[in-house]
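Q: sequence? don't have it. structure:
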């Protein structure tokens with residue numbers, strides 16, 4: 001028994017040492033995708049009960065809906081709620097980590113969607129943003145790999161943990177050439193349009209044109225579809241991506257809680 005304890009302690013020390021050497025991701029929205037629309041209002045939040053402190057009714061109702069959709073274990077991940085104005089109407093919402101430690105997240109919503117939080121479109125959008133947060137979480141019971149590798153696509157923004165959902169998803173569905181294409185799109189001012197054009201010729205591989213933009217958006221779009229609008233399973237890669245989430249009980253259970 002003592003030998004087992006010593007072995008576990010040694011493994012724990014080695015894992016912590018490994019984690020300290022890995023540059024974990026600090027999520028940022030690529031400038032080619034989100035150009036920083038002006039923030040109209042910013043709220044500091046720490047728990048669901050903070051919703052009642054928001055005096056603007058539309059802001060309060062939208063954040064309440066976010067908390068309704070987010071599982072309890074992810075409520076504590078939110079520490080900021082923002083309302084922004086995208087004049088072009090291209091982006092409905094986004095999430096990003098908060099400095100300095102990037103442990104918590106900010107959820108931002110476009111003013112154009114206020115008052116529409118209970119529509120199917122908004123529900124899918126909130127799940128999409130939830131998926132971004134989930135994607136960087138470690139898969140329960142899956143240890144960190146001792147020899148982690150990270151493609152240049154991720155290195156430019158920080159590598160996700162080797163046992164994260166995003167890492168596993170990327171490994172299963174994104175080839176080196178796919179990641180290289182995504183990396184080039186970052187430098188393209190018309191990245192969203194370019195991704196949509198690529199999707200037109202590869203519709204069987206993605207659930208939407210936006211999903212073709214990057215592994216992060218592919219994960220989020222696929223999970224949003226899986227939760228809110230599941231399609232009949234077939235042999236396409238897009239279908240495989242939807243049903244990929246079925247292997248994780250916690251992600252599967254979220255679907256049953258969405259109303």
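A: Right, received. Where do you want to start? Note that this is a predicted model, so its numbers are computed, not measured.
Q: who's in contact with residue 46?
A: Applying Cβ atoms under 8 Å, 6 or more residues apart in numbering to residue 46 gives the contacts 76, 79. For glycine as for every other residue, the C-beta is placed from the backbone atoms N, C-alpha and C.
Q: Could you look up the SS state of it?
A: coil (DSSP: H, G, I helix; E, B strand; the rest coil).
Q: ok, now how distant is it from residue 239?
A: Distance of residue 46 to residue 239, computed by Cβ to Cβ, to the nearest Å: 40 Å.
Q: can you check residue 251 too?
A: 17 Å.
Q: More neighbours: which of the two?
A: More neighbours surround residue 251 than the other of residue 251 and residue 239, with 20 against 17 (other Cβ atoms under 10 Å).
Q: Okay, buried residues for the helix or strand the more buried one falls within please.
A: Per DSSP states H and E, residue 251 falls inside helix 249-257. Judged by neighbour count using 16 or more other Cβ atoms under 10 Å, the buried positions of helix 249-257 are 251, 254.
Q: now do stretch 144-157
A: In stretch 144-157, counting by 16+ other Cβ under 10 Å, buried: 144, 151, 153, 154.
Q: Repeat that for stretch 70-87.
A: For stretch 70-87, by 16+ other Cβ under 10 Å, it's 70, 74, 77, 78, 79, 80, 81, 82, 83, 84, 86.
Q: What count of nearby residues applies to residue 65?
A: Using other Cβ under 10 Å, residue 65 has 18 neighbouring residues.
Q: From what I see, it and residue 122 are in contact.
A: Yes: using Cβ atoms under 8 Å, residue 65 makes contact with residue 122 at a distance of 7.3 Å.
Q: Grab the most central residue of this structure for me.
A: Centroid-nearest residue in the chain, with Cα atoms, centre = their mean: residue 132, separated by 0.6 Å.
Q: Measure how the strand or helix carrying it sits relative to helix 249-257, angle-wise.
A: Element membership for residue 132 (DSSP H and E) is helix 120-135. With axes from the mean of the first three to the mean of the last three Cα atoms, to 10 degrees applied, the angle from helix 120-135 to helix 249-257 works out at 160 degrees.
Q: helices or strands up against helix 120-135?
A: For helix 120-135, the packing partners by 3 or more Cβ pairs under 8 Å, 6 or more residues apart in numbering; DSSP states H and E come out as helix 57-69, helix 72-75, strand 93-97, helix 165-173, helix 215-228.
Q: contacting residues around that helix?
A: With Cβ under 8 Å, 6+ apart as the criterion, helix 120-135 contacts 27, 65-66, 69-70, 74, 77, 92-95, 105, 107, 113, 116-117, 160, 164-166, 169, 216, 219-221, 223-225, 227-229, 251, 254, 258.
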